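Enquirer: Sequence first, then the predicted structure:
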Amino acid sequence: MTISSESRRAGPFVGDGVVTQFPFDFKVFKAEDLALTAATGEEERALVIDVDYSVNLQPNQESDPGGTVTLFSPLPAGDKLVITSDMATLQLLDLTNMGGFYPRTINDALDRCVILIQQVKDGVSRSIKTAITSLELPEELKAELYAARDLAVEKGNEATGSATAAAGSATAASGSATAAAGSATAAAGSATAASG
């Protein structure tokens, strides 16, 4: 058969603290080929089959690929879940001379190759990349991006502190102006009384 979808991922699903079943629509050969990742904020954790979830595959993965994952506990509100595949990078087909040459066996082996390519493509698409002509390594670019983020947060905090201090100075200046106006009024009243 063919693999007609380039997607090897379902989600991210956002938890509501109630729902436990999540669908996926890509072909797998067995339930153990799936990989589930849950995240609370930026902290990700891998879920384990038969410990954290079970899988119900569609009976015919050729014409109706995918199935449903059932978590043993609801996904907490706000947490995220992604379902993807994590097939072992093995070549399991062994053709022998004068042996049977079954089309389904060949199709399954080619499907495995496409699935493995899709897994790599999914991982690469989420990676930091540099220009092909660049001498900078992706790790260096990542470090620069994190340093720029941290500097922006620091400067933002400084700006907030400066704004708070400026607001305090403005309040003090306003109080001084009010006191000066009161003094001027008192002085004018004294001048009026002295001339009278």
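Expert: Okay, I see it.

Enquirer: Every contact and neighbour count from this point should use C-alpha atoms.
Expert: Will do.

Enquirer: Now do the contacts for the nearest residue to residue 38 once chain neighbours are set aside.
Expert: Distances taken as C-alpha to C-alpha, 6 or more residues apart in numbering place residue 81 nearest to residue 38, at 4.4 Å, with adjacent residues excluded. Counting by C-alpha atoms under 8 Å, 6 or more residues apart in numbering, residue 81 touches 11-15, 36-39, 75.

Enquirer: Let me know the closest of those to residue 105.
Expert: Relative to residue 105, the closest of the contacts of residue 81 is residue 36; by C-alpha to C-alpha it sits at 27.8 Å.

Enquirer: Let me see the contact set for the closest one.
Expert: Counting by C-alpha under 8 Å, 6+ apart, residue 36 makes contact with 46-48, 81-84.

Enquirer: which one of those is nearest residue 23?
Expert: Of those, the one sitting nearest to residue 23 (C-alpha to C-alpha) turns out to be residue 83, at 8.6 Å.

Enquirer: burial count for that closest one?
Expert: 23 (other C-alpha atoms under 10 Å).

Enquirer: That one belongs to a strand, doesn't it?
Expert: Yes. Counting by DSSP: H, G, I helix; E, B strand; the rest coil, residue 83 is part of a strand.

Enquirer: Pretty sure residue 39 is one of the things it touches, is it not?
Expert: No. Checked against C-alpha atoms under 8 Å, the pair residue 83 and residue 39 is beyond contact range at 11.9 Å.

Enquirer: can you list residues touching both of those two?
Expert: Common neighbours of residue 83 and residue 39 (C-alpha under 8 Å, 6+ apart) do not exist.

Enquirer: Show the low-confidence segments of this protein, by residue range.
Expert: Confidence mapping of the chain against pLDDT under 70 gives the ranges 1-2, 170, 172-173, 175, 177, 179-182, 184, 186-196.

Enquirer: residue nearest the centroid of this protein?
Expert: Computing the C-alpha centroid of the chain and ranking residues by C-alpha atoms, centre = their mean puts residue 42 first, at 6.7 Å.

Enquirer: so how far is residue 78 from that one?
Expert: Using C-alpha to C-alpha, to the nearest Å, residue 42 is found at 12 Å from residue 78.

Enquirer: Check residue 4 too.
Expert: Counting by C-alpha to C-alpha - residue 4 and residue 78 are separated by 32 Å.

Enquirer: quick one: which of these two has more around it?
Expert: Neighbour count, other C-alpha under 10 Å: between residue 4 and residue 78, residue 78 has more, with 14 against 8.

Enquirer: mind listing what the more buried one touches?
Expert: 14-16, 40.

Enquirer: May I have the residues that are in contact with residue 92?
Expert: Residue 92 makes contacts with residue 109, as judged by C-alpha under 8 Å, 6+ apart.

Enquirer: Give me the secondary structure label for it.
Expert: The assignment at residue 92 comes out as coil when based on three-state DSSP.
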